[in-house]
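Participant: Fold the following for me, if possible:
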Amino acid sequence: MTTSTALLLADLAGVAVFAASGASAAVAKRLDLFGVVFVGFVAALGGGIFRDLVINEAPPLAFGDWRYATTAALTAGAIFWLHPQFARLRTTVLVLDAAGLGLFTVVGTLKALEAGVPAVGACLIGMLTAIGGGLVRDLLTGEIPVVLRREIYALAALVGAIVVAVLYGLDRTGPAPLTAAAVLVFGIRLVALRRRWSAPVATLRPPRTGASGPPPE
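Facilitator: Have a look, this model is predicted:
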């Protein structure tokens, strides 16, 4: 299998899992069929559109290759009809989202590197590609985006992007190393959820009252 074929398959797999994640979140919010497909479609393709625009690939694959839009729409539609089989939608959404995070991190970073973007910029593009779909999904379903909460999300994608950049520099971009990088992101995200790891949050202290307060008027 060539690297380009592996990238295509990984990209389509990422589209499918993010579409499923977005559709599951939409089903949990009791949206209609169009709403479920739309949220799944945007969640699956939003990050890839951002990536392609940044690396000057026009038109974005989401619009230029029918396989991307078809994969997203069919997956979201399938989730709408098969959602009774998902006993715990929230758990399903989290697992699918973690899988999409890993796949999109690897593909986004590698595509940026192959487009000539320096390693630091490619890592940022890979991270933003991975978190873009989840960000749009949460906004459309009325949730605070995961990336803005204290959970380990964007950091997991950034770690994976750095690993991909190192592998690229060592000329180790075969299917096995890239799969391992995607699994690493997936594992970090799931372990962080399991162990409730979180980034630091600022502590807000209540204002002092009494003698130190402002003088009365």
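
Participant: these two touch, right, T75 and S21?
Facilitator: No. If you go by C-beta atoms under 8 Å, T75 and S21 don't touch, sitting 9.7 Å apart. From N, CA and C alone the C-beta is placed, and that goes for glycine too.

Participant: Now the common contact residues for those two.
Facilitator: Listed as contacting both T75 and S21 by C-beta atoms under 8 Å, 6 or more residues apart in numbering are G40.

Participant: Of the two, which one has the most company?
Facilitator: Neighbour comparison, T75 and S21: the larger count goes to S21, with 30 against 25 (by other C-beta atoms under 10 Å).

Participant: what sits against the closest residue to that one other than its chain neighbours?
Facilitator: Once flanking residues are discounted, S21 sits nearest to L96: 4.0 Å by C-beta to C-beta, 6 or more residues apart in numbering. Neighbour list for L96: V17, F18, A20, S21, S24 [criterion: C-beta under 8 Å, 6+ apart].

Participant: what about stretch 72-89, average pLDDT?
Facilitator: Across stretch 72-89, pLDDT averages out at 80.

Participant: quick one: which of the contacts of L96 sit in helices?
Facilitator: V17, F18, A20, S21, S24 (DSSP state H).

Participant: isn't there a helix covering E57?
Facilitator: No. Counting by DSSP: H, G, I helix; E, B strand; the rest coil, E57 is not part of a helix but coil.

Participant: Quick check: closest non-adjacent residue to it.
Facilitator: A115 (7.2 Å).

Participant: Now the phi/psi pair for that neighbour, please.
Facilitator: Torsion angles at A115 (phi, psi; degrees, to the nearest 10) stand at phi -80, psi 0.

Participant: quick one: pLDDT of it?
Facilitator: 91.

Participant: what's near enough to touch it?
Facilitator: I55, N56, E57 are the contacts of A115 under C-beta under 8 Å, 6+ apart.

Participant: that older thread, quick one: which of the contacts of L96 is most hemmed in?
Facilitator: F18 (35 neighbours).

Participant: Help me confirm that it comes into contact with G133.
Facilitator: Yes. Judged on C-beta under 8 Å, F18 makes contact with G133 at a distance of 4.3 Å.
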